[in-house]
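Trainee: Need coordinates for the below:
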Amino acid sequence: MRIESANRMSSVASRASVGKYAPGQSFTMADVSAPARVARAAPVAQVAPLDAILAIQSVGDAMGGKRKAVKRGANLLDILDGIKADLLVGIITPERLDALIEELSVYRDRTEPGLDAVLDDIELRVRVELAKQGRFPDF
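Mentor: Modelled structure (predicted):
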C-alpha cells in the first residue's frame, strides 16, 4: 500500500548536519560545578526478621478459610432443604441423613458458640433419626 502525503517535512535536518558544531563553537563545561561530596551512607537495617517472615507465610489465607466456610454452609443448607422436602413427602431417606452426618462430622472451627450449639443439636437429631432406623454411624 502506498501512502502519499500532501505536506512534506522539509524542515528536517539532513543526517550530515546533525552532531556537527558550527565553526568557532566548542563544547565546554563552564556551567557545570565540581561534583558534590558524597555523604557517608547510613548502615542498612534488616527489613524484617526472618522468623517474622516465616510466621506470616505460615498463616493461612483468611479469605480462603471464609470461602470454605461459606461453601460448607451452603452444602449443609442444601442437604437440610432435601430433608425438608423428604419430610413433606412423609419419609426421610437414609442417604440424606448419612450425607448430613458426613458433612457435620467434618472439622468445625468451634469459634462461634451459638453456631456450634446449633450444629451440635442438628447432629444429635440426625443421629437419633438414624438410630430409629437401626443405623448407628460412628462418631
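Trainee: Please count neighbours and contacts with C-alpha atoms only from this point.
Mentor: OK.
Trainee: Show me what the lengthiest helix in the chain packs onto, helices and strands only.
Mentor: The helix that spans the most residues within the chain, counting by DSSP state H, is helix 62-89. On a contact count with 3 or more Cα pairs under 8 Å, 6 or more residues apart in numbering; DSSP states H and E, helix 62-89 meets helix 94-105.
Trainee: Now the helix or strand following the helix it packs on: average pLDDT?
Mentor: For helix 94-105, the succeeding helix or strand toward the C-terminus, using DSSP states H and E, is helix 113-132. Predicted confidence along helix 113-132 averages 87 (mean pLDDT).
Trainee: how about helix 113-132: buried residues?
Mentor: By neighbour count with 16 or more other Cα atoms under 10 Å, helix 113-132 contains the buried residues L119, I122, E123, V126, R127, E129, L130.
Trainee: same deal with stretch 131-139?
Mentor: When burial is assessed from 16+ other Cα under 10 Å, stretch 131-139 yields no buried residues.
Trainee: In PDB, could you pull the C-alpha coordinates for that stretch?
Mentor: The C-alpha coordinates for stretch 131-139 follow below in PDB (Å, rounded to 0.1, in the frame of the first residue of the first chain):
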ATOM      1  CA  ALA A 131     -30.900 -44.800  65.400                       C
ATOM      2  CA  LYS A 132     -34.700 -45.100  64.900                       C
ATOM      3  CA  GLN A 133     -33.900 -46.800  61.600                       C
ATOM      4  CA  GLY A 134     -31.400 -49.100  63.300                       C
ATOM      5  CA  ARG A 135     -28.300 -47.400  61.900                       C
ATOM      6  CA  PHE A 136     -25.600 -46.200  64.200                       C
ATOM      7  CA  PRO A 137     -22.900 -44.100  62.400                       C
ATOM      8  CA  ASP A 138     -19.500 -43.700  64.100                       C
ATOM      9  CA  PHE A 139     -18.700 -40.500  65.900                       C
END
